[in-house]
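*Asks:* A structural model of the following input is requested.
(2 chains)
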Number of protein chains: 2
Amino acid sequence: MNKTMEIIGFIAAILTTAAFLPQVYKTWKTKDVSGLSLPMLLLFFVGVICWLVYGFYKESPSMIMANTITIVSAFFLVYFKIKYDKK
Amino acid sequence: MNKTMEIIGFIAAILTTAAFLPQVYKTWKTKDVSGLSLPMLLLFFVGVICWLVYGFYKESPSMIMANTITIVSAFFLVYFKIKYDKK
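*Replies:* As a prediction, the model looks like this:
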């Protein structure tokens, strides 16, 4: 049970992280940040940091893994938004 | 400590959920689904279901709350993508 649930957690981590990466890649390639909202990105970024802290508290390897990768992804989106939004 | 960490979990839940809702609203209003990838949406949808199952296992109210709302949001995005993509 314990092991099965950790596997489900890891599947969750892989799927939601994998679904997020193409957005980062697309934004990097196209430099089109018009559809991205900076306040929303910042809220999301802070939110993911909170999830990571919470993941450590819950001693959840899948939450720690997923949120570490997502923090990096979200950071890049914030960076791209600030960098490419100066028209 | 216990209570503080659950509050951080709830902040995480509110922030990441709030950051997702404008996307749903925007897609609903504009019917512009060109930037959305169906395979990615489906991966994300299944991923969030796994997170919800895992959240019950971890007995985490904030994970259960966040992922329930996100499942509904992701479901709408999948629905909009299928409905509005027939050009």
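
*Asks:* quick one: low-confidence ranges for chain A?
*Replies:* A:1, A:86-87 (pLDDT under 70).

*Asks:* Show the contacting residues for the closest residue to A:Val46 other than its chain neighbours.
*Replies:* The shortest distance from A:Val46 to any non-neighbouring residue, by Cβ to Cβ, 6 or more residues apart in numbering or on different chains, is to B:Leu15 (5.7 Å). Just so you know, the C-beta spots here come from the backbone N, C-alpha and C atoms, and that holds for glycine as well. By Cβ atoms under 8 Å, 6 or more residues apart in numbering or on different chains, the contact list for B:Leu15 reads A:Leu43, A:Phe44, A:Val46, A:Gly47, A:Cys50.

*Asks:* correct me, but A:Ile49 touches A:Ile71?
*Replies:* Yes - if you go by Cβ atoms under 8 Å, A:Ile49 and A:Ile71 touch, sitting 6.3 Å apart.

*Asks:* Of the two, give the one with the bigger neighbour count.
*Replies:* Neighbours were counted for A:Ile49 and for A:Ile71 using other Cβ atoms under 10 Å in any protein chain shown; A:Ile49 has more, 18 against 15.

*Asks:* by contact count, what packs against whichever helix or strand the more buried one is part of?
*Replies:* A:Ile49 belongs to helix A:38-57 when assigned by DSSP states H and E. Helix A:38-57 is packed against helix A:61-84, helix B:2-30, with contacts defined by 3 or more Cβ pairs under 8 Å, 6 or more residues apart in numbering or on different chains; DSSP states H and E.

*Asks:* mind running it again at 10 Å?
*Replies:* Helices and strands touching helix A:38-57, by 3 or more Cβ pairs under 10 Å, 6 or more residues apart in numbering or on different chains; DSSP states H and E, are helix A:61-84, helix B:2-30, helix B:61-84.

*Asks:* count of neighbours near the nearest residue to A:Tyr57 once chain neighbours are set aside?
*Replies:* In space, and not counting its chain neighbours, A:Tyr57 is closest to B:Met5: 4.2 Å by Cβ to Cβ, 6+ apart. When counting by other Cβ under 10 Å, one arrives at 16 neighbours for B:Met5.
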